[in-house]
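Participant: Whatever this is, show me its structure:
(one chain, ligands or ions: 1)
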Amino acid sequence: MFIMDTSRLSKTIEKALNAQMTKEAHAAQVYLSYAAWAADKGFDGVANFLFRHSGEERNHMMKIVEYILQRNGKVTVIAIPAPDADPASLNNCFEKVFASEVENTKEIYNLVDLSLEEKDWATWNFMQWFVKEQIEEESLALSLMSKIRIAGGDKASGDALYNIDRDLANAPDDAPSAEDATTANP
Ligand code: FEO
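Facilitator: The predicted structure follows:
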């Protein structure tokens, strides 16, 4: 009997989207671990900011899950790799956040390349949201690095670190395009 294939995703794109879904889940775990580290070191403002950002990454993961399902593809949930070691300092924490966002941007670009190769314009179009989001995410990470660089980097005084921590307690969760994204409204 002929069974019609109703998936609107090629196996290659489906695999790449599932991999990206796991990478966003990994990013959520990375932010979660840095947040817990910051809380333990007494940086409660930084911790609060990073905990909220971990939620953002989970929203990114859900956005991909919902897209795969919408295209009648198969979602494959696998184990999430553990985050790296804890940061050595607040300066190092912000450097690691930036490096992790740049790495994620590369992975998003690879998916855009793949959708272009396959002429999968629906996925290409879907991925543009992430391309735009990564501009915001990198810009946010850069602003964290600027703050600590101005404060003296690894040599920042206790007062300067206290001010950064207080600033971040009141900072918005993220740039506006990410703030709008929730699991219900990705
Ligand atoms: Fe899901 Fe921070 O990018």
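
Participant: Who's the closest spatial neighbour of the spatially most central residue of the chain, skipping the chain neighbours?
Facilitator: Using Cα atoms, centre = their mean, the residue of the chain that lies closest to the mean C-alpha position is residue 57, 4.4 Å off. With Cβ to Cβ, 6 or more residues apart in numbering as the measure, residue 28 is the residue that lies nearest to residue 57, at 3.7 Å, once sequence neighbours are left out. C-beta coordinates here come from the backbone N, C-alpha and C atoms, glycine included.

Participant: any idea which helix or strand carries the one you found?
Facilitator: helix 11-40 (DSSP states H and E).

Participant: again with residue 132
Facilitator: In this assignment (DSSP H and E), residue 132 forms part of helix 121-151.

Participant: Is there contact, residue-wise, from that helix to the ligand?
Facilitator: Yes. Remark: helix 121-151 sits within contact range of the ligand at residue 137, by Cβ under 6 Å from any ligand atom.

Participant: Stretch 42-58 now?
Facilitator: Yes. Using Cβ under 6 Å from any ligand atom, stretch 42-58 reaches the ligand at residue 57.

Participant: near the ligand, which residues of the chain?
Facilitator: In this structure, the chain approaches the ligand at residues 24, 27, 57, 60, 101, 104, 137, judged by Cβ under 6 Å from any ligand atom.

Participant: what do you get if the cut-off is 8 Å, keeping everything else the same?
Facilitator: When proximity is defined by Cβ under 8 Å from any ligand atom, the chain lies next to the ligand at 23-24, 27, 31, 53, 56-57, 60-61, 100-101, 104, 130, 133-134, 137.
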